[in-house]
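Visitor: Kindly generate the corresponding structure for this input.
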Amino acid sequence: MQEQISILLTFLAGIGSFFSPCILPLIPVYLSFITGLSVNELKSTEESSKDTRKVLKEVILFIIGFSIVFVALGASASSITTLLVKSKKILRIIGGIIIIIFGLHITGLLKIKFLEYEKKIHLETKPILGGLGSLVVGMTFAIGWTPCIGPILGAILTLAATRTTLLQGVILLIVYSLGLSLPFLITGLAVNQVLKLFTKIKKYLKIITIATGIMLIITGILVLSGRIL
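Guide: Numbering: from 1, shown residues only. Down below sits the predicted model:
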């Protein structure tokens, strides 16, 4: 039951990452970059099944790219923990506190300067690797965007570090990647309708961000109390 709760919260954290202020508004830009189609062309893809297939293909490669990086980070965090398994209780307490701090930062109740530092890796042109270009862009996305998904991802990595086995930590990051992937995949399947919907969702970004922060605070408390082991 405890593992199911942590998996659910991790999945929701992945979805919350998609709605971060530095990701959602730039989705049209990402899609245009990885597909080679203009925003106007993306908005009219319902008229061309060929363009729809192209968008979906590039989005899937993009998803695989950032998932590889996130899962690798989860494996690294879990590997360190296996070396310190005797200190599991201490790690759980420290981990719970860190997750709560990340949650407080996201809600705006606590400002941590180094988490405000924005580091972006920009690619002037899409890597020329045939069909693998979007995969590389996805990996760059995972590595380069730290200010918005950083606190959420950091909280999930901390949670992964409290797992007792490498597999459990990897599973958490796979679930996180699935949560982040779902909105991207929906966008690829119905890009025309979703791009129009984004303009309506933007005004609720602050509420979504605060809700995500509160969810992390609750997760941290559960970890701290031992209810999520």
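
Visitor: pLDDT weak spots in this structure?
Guide: For the chain, the stretches with pLDDT under 70 are 1-2, 21-22, 39-51, 78, 80-89, 91, 113-131, 144-150, 199, 227-229.

Visitor: For it, which helix extends over the most residues?
Guide: The residue-count maximum for a helix in the chain (DSSP state H) belongs to helix 49-83.

Visitor: Would you mind pulling up the elements that that one packs against?
Guide: helix 27-35, helix 39-43, helix 133-144, helix 149-161, helix 166-189 (3 or more CB pairs under 8 Å, 6 or more residues apart in numbering; DSSP states H and E). The way it works is simple: take the backbone N, C-alpha and C, and place the C-beta from them, glycine included.

Visitor: how about those helices in CSV, adding mean neighbour count?
Guide: As requested, the helices and strands packed on helix 49-83 are exported to CSV (neighbours: other CB atoms under 10 Å):
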stretch, mean neighbour count
helix 27-35, 19
helix 39-43, 15
helix 133-144, 20
helix 149-161, 25
helix 166-189, 21
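
Visitor: Distance from the chain centre to the longest helix of the chain, please.
Guide: The chain centroid and the centroid of helix 49-83 are separated by 10 Å under CA atoms, centre = their mean, to the nearest Å.

Visitor: Sort out which residues of it are buried, please.
Guide: 51-52, 54-56, 58-67, 69-71, 73-74, 77-78, 81 (16 or more other CB atoms under 10 Å).

Visitor: what's the answer for stretch 3-15, then?
Guide: 6-7, 9-15.

Visitor: what's it in contact with?
Guide: Residues outside stretch 3-15 that contact it (CB atoms under 8 Å, 6 or more residues apart in numbering): 152, 155-156, 159, 168, 171-172, 175-183, 212, 215-216, 218-219, 222, 227-228.

Visitor: same thing with stretch 214-229?
Guide: In contact with stretch 214-229 (CB under 8 Å, 6+ apart) are residues 2, 5-6, 9, 12-13, 16, 92-93, 95-104, 106-107, 151-152, 155, 159, 162, 164.

Visitor: Show me which positions of the helix or strand where Leu222 lies end up buried.
Guide: Element membership of Leu222, judged by DSSP states H and E, is helix 205-225. By neighbour count on 16+ other CB under 10 Å, the buried set for helix 205-225 is 208-209, 211-213, 215-217, 219-224.

Visitor: how close does the nearest residue to Val69 once chain neighbours are set aside sit to Gly96?
Guide: Nearest non-adjacent residue to Val69, counting by CB to CB, 6 or more residues apart in numbering: Ala142, 3.6 Å away. To Gly96, Ala142 is 25 Å away according to CB to CB, to the nearest Å.

Visitor: what sits against Val194?
Guide: Val194 neighbours (CB under 8 Å, 6+ apart): 186-187.

Visitor: let's number from 37 now, not from 1
Guide: Shifting the count to begin at 37 puts that one at Val230.

Visitor: Ala197 is in contact with Gly131, isn't it?
Guide: Yes - the pair Ala197 and Gly131 qualifies as a contact (CB atoms under 8 Å) at a distance of 6.0 Å.

Visitor: related to what we said a few turns ago, show me the buried residues of stretch 39-51 that map onto helices.
Guide: Short answer: the buried residues of stretch 39-51 in helices (DSSP H) are 42-43, 45-51.
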